[in-house]
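Chemist: predicted coordinates and the sequence they were generated for:
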Amino acid sequence: MKQLILASQSPRRKMLLQQIGVPFSVFPSDIKEPINMDMSPDRIVIDLSEKKAEQVCGKLERGSKNSHIVLAADTVVVLDGIVMGKPNNPEEAFGMLEALSGRWHEVVTGVTLIDVESAKKMTHAEKTRVKIRRLSKQTIQQYINSGEPFDKAGAYGIQGLGALLVEKLQGCYYNVVGLPLYRVSVMLNDMGFKIL
């Protein structure tokens with residue numbers, strides 16, 4: 001029986017896997033996440049998710065009784081071709097939210113799966129379009145004061161208070177939370193890890 005390893009400490013990714021009843025263990029990578037602006041958004045998130053998965057694979061024992069599949073992901077927000085990661089301070093969060101106000105943007109998540117025994121690797125970049133409603137400076141400041149923006153790409157989280165900032169979306173909702181569940185289930189199935 002293959003065992004799934006989540007290469008992330010993200011509470012949102014853990015919550016999403018728990019939501020669909022997938023048994024998994026957490027073995028976070030400690031890869032730093034600098035954004036290489038010379039790459040496309042798709043390539044950025046795939047590259048980072050690959051590095052995370054490969055690092056964790058390198059720490060797992062091969063030839064154990066149970067084979068492992070490592071799952072890693074990375075998410076960015078893209079506005080007018082400019083990649084937004086996580087804000088480092090309230091000023092950065094304010095600038096990101098002000099730029100997103102009243103506009104459509106893309107949320108791009110790169111997913112990598114690696115079967116530790118066979119070294120089979122699969123990658124995918126999922127895109128969802130999101131429109132943020134028009135935000136007053138007061139609304140932006142109140143949201144920042146909630147503390148929610150600071151560990152999230154683009155400075156908002158759709159699964160929390162940030163849901164009130166999102167006017168509409170096109171594509172996978174779960175991708176915006178941090179893990180495109182349908183696509184991950186298809187990839188896991190192709191790796192021999194059946195969910196349904």
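Modeler: Okay, I see it.
Chemist: in this protein, where is pLDDT below threshold?
Modeler: 33-34, 61-66 (pLDDT under 70).
Chemist: next, the buried residues of the longest helix along the chain.
Modeler: If you go by DSSP state H, the chain has its longest helix at helix 41-59. When burial is assessed from 16 or more other C-beta atoms under 10 Å, helix 41-59 yields the following buried residues: 41-42, 44-57. For glycine as for every other residue, the C-beta is placed from the backbone atoms N, C-alpha and C.
Chemist: and the helices in this structure, which stretches?
Modeler: Counting by DSSP H, the helices of the chain are 11-19, 41-59, 90-100, 137-145, 173-177, 181-190.
Chemist: centre of the chain versus the shortest one, how much separation?
Modeler: Looking back up the chat, that one is helix 173-177. Remark: helix 173-177 is offset 8 Å from the chain centroid, using C-alpha atoms, centre = their mean, to the nearest Å.
Chemist: for the first one, same thing?
Modeler: Counting by C-alpha atoms, centre = their mean, helix 11-19 is centred 11 Å from the centre of its parent chain.
Chemist: can I get that helix in CSV, CA atoms only?
Modeler: Extracted C-alpha coordinates of helix 11-19, given in CSV (Å, rounded to 0.1, in the frame of the first residue of the first chain):
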residue,chain,number,x,y,z
PRO,A,11,-2.7,24.1,7.5
ARG,A,12,-4.8,24.7,4.4
ARG,A,13,-3.3,21.9,2.4
LYS,A,14,-3.6,19.6,5.4
MET,A,15,-7.3,20.6,5.8
LEU,A,16,-8.0,19.9,2.1
LEU,A,17,-6.5,16.4,2.2
GLN,A,18,-8.4,15.7,5.4
GLN,A,19,-11.6,17.0,3.8
